[in-house]
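*Asks:* Predicted model follows, preceded by the sequence.
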Amino acid sequence: MQPCSSGRIDITKRLTMNSKLRNIAIIAHVDHGKTTLVDAMLRQSGIFSTHAHLVERVMDSNDLERERGITILAKNTAVTYHDTKINIVDTPGHSDFGGEVERALRMVDGVLLLVDASEGPLPQTRYVLQKALAAKLPPIIVLNKIDRADARPAAVLDEIYDLFIDLDATEDQLDFPVLYTNAKTGVAHRAVGDSSTNLQPLFETIVASTPPPSGDAAAVLQIQVTNLDYSDYLGRLAIARVFSGTLKRGTEVGIAKLSGVIQPTKITKLFTFRGLERDEAEEVAAGDICAIAGVEGIQIGESITDLLNPAPLEPLLIDEPTLTMVFTVNTSPFAGREGQYVTSRDLRARLDRELLTNVSLRIEDMGATDSFRVLARGELQLAILIETMRREGYELMVGKPEIVVRTENGKRVEPLEVLIVDCPETFIGIVMETLGTRRGEMVKMVNHHSGRVRMEFRIPSRGLIGLRGQLLTDTRGTSLIHSMLDGWTDYAGDMASRLTGALVSDRAGVSTAYAVWGIQERGEMFVGPSLEVYEGMIVGENAREDDMNVNITKEKKQTNMRSSSADEAIRLIPPRELTLEKAIEFISDDEFVEVTPKSIRLRKKVLDAKKRPKRWQEIKASVDSAS
């Protein structure tokens, strides 16, 4: 936009531009079809050329996102409907990545709340909606997957109204438009079964129901950084929204640091979003979302403002982490064999780099120089960080996750979670028994008369550590488990830990089929034959509560004696495959998970069996204190 002949900016023209702009975030519980809907919107908006090769879930650009089918990082895109530009922010659906959602809501003027027409509102639906209502963002409700055989759109819509009322929504917020979609086929309906064959009703509703961004293009410059990206050619890119004023390429601006200092810098390049691409721009006016290059050292939450007349915005406030885990240098006998980055300096530098883009993480130094305490929202967030690091070539060890305990008014308090378990009716008893031992209290049970029930519990966050794997085992893989932070409660005292012991190798060597065959009746094996092991490495789970030292390298002695049973075939039970999440859930206080680019191993903190404390004493003390 060029200045008029008098040298002043044409404000009326700026406001007209704003009226042709919409900023909206798509929020939902995990796996409700959010990224699939963004796919369909991109395809039908004409962003891609007719010859472009398209893949599913184009917004999930991270390898881990594609493998797991979840969104981990909030991402920006934009489509044009007629002459209106719609900036879209695709947000994560898992509560562990809630920090991404909080930042995304700061960039937009409305939200599109997507709910599965069968499953209905789940904990993360409540979490993101609560944040949106608090920010006074008008919602659009989209009931997705209406093609499912068990879809119940009318009942789910009633549940959504109940949720809005429960969250103290205003009358204006309750007057929301409702659409029914099948994101896979790219169809949206204003009423179930109408003649619509595309997403036009959705685009029209977004333009009509989401207000244009406010902000005066001629006012003092105010921009807030809500995300960071990196380009091999341009270096660090700040993703930000212009709240007021106009940002021009080549101008001198001030970065309002979190410490309060105004740091001068020059804007070298500016970009706006179009589909999955970034278009270079000379200037960006109030209301739009842009990417800014040439701002080395800038952090999420900081502001960009006028250098001569600074007016910084308030820094972003993010919910506090509730889980902590110790990251330490790999000290096992196999250290350095597979990883490229193995020192404490490498580990510290990588964690510091993670803090630049992940504002919901905290890093604390410990007494030892080779260990760091990492605080996060949940086990999945930590597991994703560890998996990312091992793929980058890092070797490290991590300890058992622990909850963050803080003191309020002289009392120790711990985080409390809302837990929803959806399972077949036949498993109600075992689920209630399992959660009872973890201090879970059932507050609601709903039976949809489909053979499954949905139970809602209040449970300390400690009770969730290792719970997912146990419930999936107890319900034979048929349960769905969702949780969300629900505040803080008085510390409930010690809680019983894992009640089974470990099978621990008592020497270094190579495991043999003969030794595994003799040990497998003692419990469940984690390793098979022909694998290299070391003293103190955990090779299986003992069926009893105490640890057992075993010789997994034992070989069968050869003799000249003939025996009817000597040549019997050795039948081995396949070992349990340990993923990173399963390994983290399994370990106890005296154990580590050893993580390398090629392997995930479990080990005792103290490798020498003679110096290792007896586990059964710790178990007995833990159970006694819990009872």
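*Replies:* Right, received. Where do you want to start? Numbers count the residues shown, from 1 in each chain.

*Asks:* give me every residue that touches residue 236.
*Replies:* Contact analysis of residue 236 by CB atoms under 8 Å, 6 or more residues apart in numbering lists 228, 229, 230, 293, 295, 296, 297, 298. Glycine gets a C-beta too; all of them are placed from N, C-alpha and C.

*Asks:* So which of those residues is the closest to residue 177?
*Replies:* Nearest to residue 177 among the contacts of residue 236: residue 229, at 32.6 Å, using CB to CB.

*Asks:* related to what we said a few turns ago, now for the contacts of residue 236, which pair is the farthest apart?
*Replies:* Farthest-apart pair in these is 229 and 297; separation 15.0 Å (CB to CB).

*Asks:* When the two are compared, which one has more neighbours?
*Replies:* Neighbours were counted for residue 229 and for residue 297 using other CB atoms under 10 Å; residue 229 has more, 16 against 11.

*Asks:* on that earlier part again, name only those of the contacts of residue 236 that count as buried.
*Replies:* For these, a neighbour count by 16 or more other CB atoms under 10 Å gives the buried set as 228, 229, 293, 295, 298.

*Asks:* Starting from residue 237, give me the distance back to the first one.
*Replies:* The spacing between residue 228 and residue 237, counted by CB to CB, to the nearest Å, is 7 Å.

*Asks:* next one: the last one
*Replies:* As judged by CB to CB, residue 298 and residue 237 stand 10 Å apart.

*Asks:* for the fourth one, same thing?
*Replies:* For residue 295, the distance to residue 237 equals 8 Å [CB to CB].

*Asks:* Could you do the second one as well?
*Replies:* In this structure, residue 229 and residue 237 are separated by 4 Å, where distance is defined by CB to CB.

*Asks:* so what sits against both of those two?
*Replies:* residue 291.

*Asks:* Pull stretch 204-223 out as CSV, backbone CA atoms only.
*Replies:* Below are the C-alpha coordinates for stretch 204-223, written out as CSV (Å, rounded to 0.1, in the frame of the first residue of the first chain):
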residue,chain,number,x,y,z
GLU,A,204,-19.3,-18.3,3.7
THR,A,205,-19.8,-18.9,7.5
ILE,A,206,-16.2,-18.0,8.3
VAL,A,207,-16.5,-14.7,6.3
ALA,A,208,-19.9,-13.8,7.8
SER,A,209,-19.3,-14.9,11.4
THR,A,210,-15.7,-14.0,12.1
PRO,A,211,-15.1,-10.3,12.6
PRO,A,212,-12.4,-8.5,10.6
PRO,A,213,-9.3,-7.8,12.6
SER,A,214,-9.3,-4.5,14.5
GLY,A,215,-6.3,-2.1,14.5
ASP,A,216,-5.4,1.2,12.9
ALA,A,217,-2.8,0.9,10.2
ALA,A,218,-1.7,4.5,10.9
ALA,A,219,-1.2,4.0,14.7
VAL,A,220,2.0,3.3,16.6
LEU,A,221,3.5,-0.1,15.5
GLN,A,222,2.6,-3.0,17.7
ILE,A,223,3.5,-6.6,16.7
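
*Asks:* That stretch: how far from the chain's middle?
*Replies:* Its chain's C-alpha centre and that of stretch 204-223 lie 29 Å apart, by CA atoms, centre = their mean, to the nearest Å.

*Asks:* next one: stretch 274-289
*Replies:* Mean C-alpha position of stretch 274-289 versus that of the full chain (CA atoms, centre = their mean) differs by 28 Å.

*Asks:* What's the mean pLDDT across it?
*Replies:* For stretch 274-289, the mean per-residue pLDDT is 81.

*Asks:* Please apply the same query to stretch 160-171.
*Replies:* For stretch 160-171, mean pLDDT rounds to 86.

*Asks:* do the same with stretch 610-618
*Replies:* Stretch 610-618 comes out at a mean pLDDT of 68.

*Asks:* same question, stretch 345-353
*Replies:* For stretch 345-353, mean pLDDT is 90.

*Asks:* Show me what counts as buried in that stretch.
*Replies:* For stretch 345-353, a neighbour-count test (16+ other CB under 10 Å) marks 346, 347, 348, 350, 351 as buried.

*Asks:* how long is stretch 209-224 end to end?
*Replies:* 25 Å (CA to CA, to the nearest Å).

*Asks:* ah, wrong one, I meant stretch 574-594
*Replies:* Termini of stretch 574-594 sit 22 Å apart (CA to CA).

*Asks:* Off-centre distance for it?
*Replies:* Here the centre of stretch 574-594 is set off from its chain's centre by 20 Å, with CA atoms, centre = their mean.

*Asks:* Could you do stretch 492-499 as well?
*Replies:* With CA atoms, centre = their mean, you get 26 Å for stretch 492-499.

*Asks:* What's the end-to-end length of it?
*Replies:* End-to-end span of stretch 492-499 (CA to CA): 19 Å.

*Asks:* got it, and stretch 279-297?
*Replies:* 23 Å.

*Asks:* Residue 83 against residue 20, yeah?
*Replies:* Yes. With contact defined as CB atoms under 8 Å, residue 83 reaches residue 20; the gap is 5.8 Å.

*Asks:* list the contacts for the closest residue to residue 459 other than its chain neighbours?
*Replies:* Leaving aside its sequence neighbours, residue 459 sits nearest to residue 440 (CB to CB, 6 or more residues apart in numbering; 3.8 Å). Residue 440 makes contact with 419, 457, 458, 459, 463 under the criterion CB under 8 Å, 6+ apart.

*Asks:* please redo it, this time with the cut-off set to 10 Å
*Replies:* Residue 440 sits next to 417, 419, 421, 431-432, 434, 455, 457-460, 463-464, 467 when contact means CB atoms under 10 Å, 6 or more residues apart in numbering.

*Asks:* just residue 205 next, same as before
*Replies:* Residue 205 neighbours (CB under 10 Å, 6+ apart): 112, 140, 141, 142, 177, 178, 179, 188, 190, 199.

*Asks:* try residue 531
*Replies:* By CB under 10 Å, 6+ apart, residue 531 lies in contact with 510, 511, 512, 516, 537, 539, 552, 575, 599, 601.

*Asks:* Residue 575: how many residues sit nearby?
*Replies:* Other residues near residue 575 come to 18 when the count uses other CB under 10 Å.

*Asks:* Can you check the pLDDT for it?
*Replies:* Residue 575 carries a pLDDT value of 90.

*Asks:* Would you check how far apart the closest residue to it other than its chain neighbours and residue 517 are?
*Replies:* Residue nearest to residue 575 in three dimensions, not counting chain neighbours: residue 525, with 4.3 Å by CB to CB, 6+ apart. Relative to residue 517, residue 525 is positioned 10 Å away (CB to CB).
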